[in-house]
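Asker: Predicted structure and sequence below. I'll ask about it afterward.
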Amino acid sequence: MAGKQKSVFIRFNMSDEAECDLYMKLAEVAGSSSSLTSYVKRALEEHFSVKMEITGRQEFHEQMLLAVREEMQVQGMKLVGALLAGISTGNVPARQNEVGEKETVLPDACEKLPDELSGVLDLIR
């Protein structure tokens, strides 16, 4: 059984202020725990599990950024291709001219305003 166990011995120098403070904090937080050693084991285990979780999140974040950048590049290239294809064909400007001409033609005279606009002229006069 003793061959399967490992130990770590920590010595705190109580004349060193930083080490003394660390020991006092550990003793205070451990409080009514069965031993300071068991508390330190739990604290170390928690520290390493949190560190692994943070590392996992950072890797996921980096992968997501890479995927988004790749997708933005693909979509950008598709947009450029579509724009270039539209520019190279002569159909698009011709359609715009036809529509533009229809919209810019105004009647020479108007005999009567629609009912909903007739009250506007009274306000202007």
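Answerer: All right, it came through fine. Residues are numbered from 1 along each chain as shown.
Asker: okay, CA-based contacts and neighbour counts for the rest of this
Answerer: Fine.
Asker: L26 in helix, strand or coil?
Answerer: helix (DSSP: H, G, I helix; E, B strand; the rest coil).
Asker: what about it, distance to E45?
Answerer: Counting by CA to CA, to the nearest Å, the gap from L26 to E45 is 15 Å.
Asker: can you check V80 too?
Answerer: 53 Å.
Asker: what does R11 give?
Answerer: Distance of R11 to E45, given as CA to CA: 20 Å.
Asker: more crowded one of the two?
Answerer: Neighbours were counted for R11 and for E45 using other CA atoms under 10 Å; E45 has more, 12 against 8.
Asker: in what helix or strand does the more buried one lie?
Answerer: helix 36-88 (DSSP states H and E).
Asker: Tell me, what's the model's pLDDT at the residue lying closest to N13 once chain neighbours are set aside?
Answerer: Nearest residue to N13 in three dimensions, chain neighbours excluded: E19, at 6.0 Å (CA to CA, 6 or more residues apart in numbering). pLDDT recorded at E19 is 92.
Asker: and if you look at E98?
Answerer: For E98, the predicted pLDDT is 51.
Asker: same question, G3
Answerer: Looking at G3, its pLDDT is 78.
Asker: do the one 3 residues further on as well
Answerer: Listed pLDDT for K6 reads 84.
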